[in-house]
Every structure is written in C-alpha cells, then in structure tokens.
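*Asks:* coordinates only, no sequence provided:
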C-alpha cells in the first residue's frame, strides 16, 4: 500500500524527505489559492494524489446553498485538483452535509444522493474518483458507518463513486473492523491514533487488525495519516515508521 499524509503545502518537501509516497491536501483550500501557489505545488518533489475536506463549512448542501453555487464551486475546485494531478477527492465535510433540524431524514438522504451525483459528474470530467467518508456521530448527523456510506454510494449510482474507511471514525463509532470485509468499492483509507494524532507504537496491535482486514479484502491502495500534528518532522516520521512496520 502507498503511504501518505494529510498536510498543507508548506510541509510537502519535508514529507518527501521523510519518505512518504504522496500528500493529501484540503480541496477546500485550493478554491481560493493563488495560481502562483498552485504552480509551486506542481513543482514539489511529492505528488498530490488525493484531497480531503471537499466543502468548507459555510456551504450547506441539504438546504441553503443553491445547485448553481455548488456546481460553480465544484467546477473550480476539481479543475484545481486536476491541475495538481489529484485522482481522488474525499467527500466527508460533516458540517456541510449535516441535516437541518426541520428536514425529514428521507428528504435529506434523497438530497444528499443528488448532491453526490453532482459531485461525481463534475469529478468524472477530470478523471477523479469521489470517496464517501463516514464520520463519527459528533461531527455530523448523517452517514456514520461504512454500510451507510455504501448505501449512499449505491444510491448515487455513479461509476466514480467509492468509499473511504477511516480508522478513527470507526473506533469512535464502535464500528466493527470486520465491516471492511463486506463493503464494496473501498478506494481510500485514513488512519490516526485513537486520540486523533499520528499512529503510535503502543497501538500497533489495533492498527495491525485494521491492516489485516484491508489486506484480506484485497485492498492495495493508499493509506493517509490524518491526525493532529504539532511537531511535523518528529511526529510524521514516527507515524510513518509505525505504518511501514505494518505494511509488510
């Protein structure tokens, strides 16, 4: 499996020197990024293969932001992801996709399905896959488990829709790692410590179980560290060492 890290442009060269295979940038940060900065990222020694955080929190997908605004945002964002060479974008964005209190669940799910179709249709023009990310209950009120993510993905019925497994969210939601064995089209993985930092050696048996399920399911894609980091050099290097020991 390829090992990457979710970070910001200023840490890309450092991530390359540490031995990561790629970086994962926030797609929402690209929307307002100057072209000069985008061109500098293109020249970095580490590829931007994936992007997370598709929508900023002020966009309200279920009710509040119009289709025209959403489509304009997606067009510009995916064009920039494509410019950087990205081939997969994560659709987590818990605040943006949250159901307003006065919207029935059935209506919200139908609307979220429509939104995912818009995302996928725009992404497809740039050869980009869209990975639905289930999130912990504290971060949103819809799509929390791999099964729910798979149902949304299937409802959208788009060839470039796929699924992400995030170990932190699975842990927080008390979701069985065995779900990895049964869900379809798993195409991306996020990992962190149970405290949402970088992976740590003392939790290696738990990560090993996670990797065992990934391998048993046939997964051979990317695994991105997504966690809080205070000292990038020290913590990113330590987290990468843990993952390399598991990725045998």
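*Replies:* That came through fine. No experiment lies behind these values; they were computed from the predicted model shown.

*Asks:* from here on, contacts and neighbour counts on C-alpha atoms
*Replies:* Fine.

*Asks:* please report how far the most far-flung residue of the chain relative to its centre lies from residue 121.
*Replies:* Going by Cα atoms, centre = their mean, the residue of the chain most distant from its centre is residue 102, 28.3 Å out. Distance of residue 102 to residue 121, given as Cα to Cα, to the nearest Å: 29 Å.

*Asks:* next: residue 196.
*Replies:* For residue 196, the distance to residue 121 - Cα to Cα - is 32 Å.

*Asks:* repeat for residue 110
*Replies:* Distance of residue 110 to residue 121, computed by Cα to Cα: 17 Å.

*Asks:* these two - which one has more neighbours?
*Replies:* More crowded of residue 110 and residue 121, by other Cα atoms under 10 Å: residue 121, with 20 against 15.

*Asks:* and the residue lying closest to that one once chain neighbours are set aside, what does it touch?
*Replies:* By the measure of Cα to Cα, 6 or more residues apart in numbering, the closest residue to residue 121 outside its immediate chain neighbours is residue 158, 7.9 Å from it. Residue 158 is in contact with 117, 120-121, counting by Cα atoms under 8 Å, 6 or more residues apart in numbering.

*Asks:* same check on residue 135?
*Replies:* With Cα under 8 Å, 6+ apart, residue 135 has these contacts: 92, 94, 143-145, 169-170.

*Asks:* helix/strand/coil for it?
*Replies:* For residue 135, the assignment made with DSSP: H, G, I helix; E, B strand; the rest coil gives coil.

*Asks:* save the contacts of residue 135 as TSV, and put in secondary structure and distance to residue 200 too.
*Replies:* Below are the contacts of residue 135 laid out as TSV (DSSP: H, G, I helix; E, B strand; the rest coil; distance: Cα to Cα, whole Å):
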residue	secondary structure	distance to residue 200
92	coil	24
94	helix	26
143	coil	28
144	coil	25
145	coil	24
169	helix	17
170	helix	17
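
*Asks:* how close does the residue positioned nearest the centre of the chain get to residue 49?
*Replies:* For the chain, residue 90 is the residue whose C-alpha lies nearest the centre (Cα atoms, centre = their mean; 3.5 Å). Residue 90 sits 11 Å away from residue 49 when distances are taken as Cα to Cα.

*Asks:* what's the answer for residue 24, then?
*Replies:* 7 Å.
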